[in-house]
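Participant: pasted the sequence and its predicted model underneath.
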Amino acid sequence: PKDQIAEINKIFGEKKTLLLNYERKIAEADKLLKDKDYQKAKDAYNEALTIKPSEEYPQKKIFEIENIFKDLAAKEQEYKDLIIKADNLFNQKNYEDALSTYQQALQMKPLEKYPKDQIAEINKIFGEKKTLQLNYERKIAEADKLFKDKEYQKAKDAYQAASNLKPDERYPKTKIDEINSIFAALALKDKEYNDLINNGDKLLSQKKYNDAIDSYQKALAVKPNEKYPKD
């Protein structure tokens, strides 16, 4: 009986050691799971399971971790898809939609550096575009005033400067075309006026006074503010 009692006590000791090892490994695995160190947690639960194969708890936690891995893989793929989409939009210079897509990616993985860098780059581009727009609007306002004051050459130069800032804008090009038409009309008007003055001077030198007066009056009708035909 003493020998059997000793054997039973030995078995109890081994069971107690086994239980302590199991509980220690479970505690380690639970902490790793809490810290989101999923692979190491899974390994620790498997070790606990080798100690006590019939225990349901470590099996349940391993299944939970495997589902987490699946969710993480799906999340990683969704993140990559968003980054690819955002990069394509960025390369197409569709900055508004690219910004929104990078922000979605960043919400999924807040610690990632790449979407943060791209968002900063887009905000920089928006800042530059805002400055460009302000400069464009300022130059257009200047050109419009010069045009209104009939300072056509200066207005044309200002419209050209605005067009250089934003080549796709139609308005400054339209105004330049309008000024060129005005220049062409003024050139014709100058030629008509000069021809009439020359004709009037010729008639005057020939003492054909009535015809000369008629030519000078026609010249004055073309340019009413000119002093010479009046004289």
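Facilitator: Received it, and whenever you're ready, just let me know what you need.
Participant: show the subsequent helix or strand relative to the helix or strand harbouring residue 164.
Facilitator: Using DSSP states H and E, the element containing residue 164 is helix 152-165. As assigned by DSSP H and E, the chain's next helix or strand after helix 152-165 is helix 171-205.
Participant: helices or strands up against the helix or strand following that following helix?
Facilitator: Next in sequence after helix 171-205, counting helices and strands by DSSP H and E, comes helix 209-222. For helix 209-222, the contact count by 3 or more Cβ pairs under 8 Å, 6 or more residues apart in numbering; DSSP states H and E identifies helix 171-205, helix 227-230 as packing neighbours. In this view, the C-beta of every residue, glycine as well, is placed from N, C-alpha and C.
Participant: residues contacting the closest residue to residue 183 other than its chain neighbours?
Facilitator: Spatially, and ignoring its direct neighbours in sequence, residue 183 is nearest to residue 152 (6.7 Å; Cβ to Cβ, 6 or more residues apart in numbering). Residues counted as contacts of residue 152 (Cβ atoms under 8 Å, 6 or more residues apart in numbering) are 146, 179, 182-183.
Participant: for the residue most central in space within the chain, give me its contacts.
Facilitator: Most central in the chain under Cα atoms, centre = their mean is residue 95, positioned 2.4 Å from the mean C-alpha point. Going by Cβ under 8 Å, 6+ apart, residue 95 touches 89, 122, 125-126.
Participant: tell me the pLDDT of it.
Facilitator: If you check residue 95, the pLDDT there is 93.
Participant: from residue 129, how far off is it?
Facilitator: Look at residue 95 and residue 129: by Cβ to Cβ, to the nearest Å, they are 8 Å apart.
Participant: what's the burial count for residue 99?
Facilitator: Using other Cβ atoms under 10 Å, residue 99 has 21 neighbouring residues.
Participant: that one contacts residue 119, doesn't it?
Facilitator: Yes: using Cβ atoms under 8 Å, residue 99 is in contact with residue 119, at 6.3 Å.
Participant: how many residues are close by residue 223?
Facilitator: 17.
Participant: ramachandran coordinates for it?
Facilitator: Backbone geometry at residue 223, expressed as degrees, to the nearest 10, gives phi -130, psi 90.
Participant: against residue 196, how distant is it?
Facilitator: Relative to residue 196, and taking Cβ to Cβ, residue 223 is found at 9 Å.
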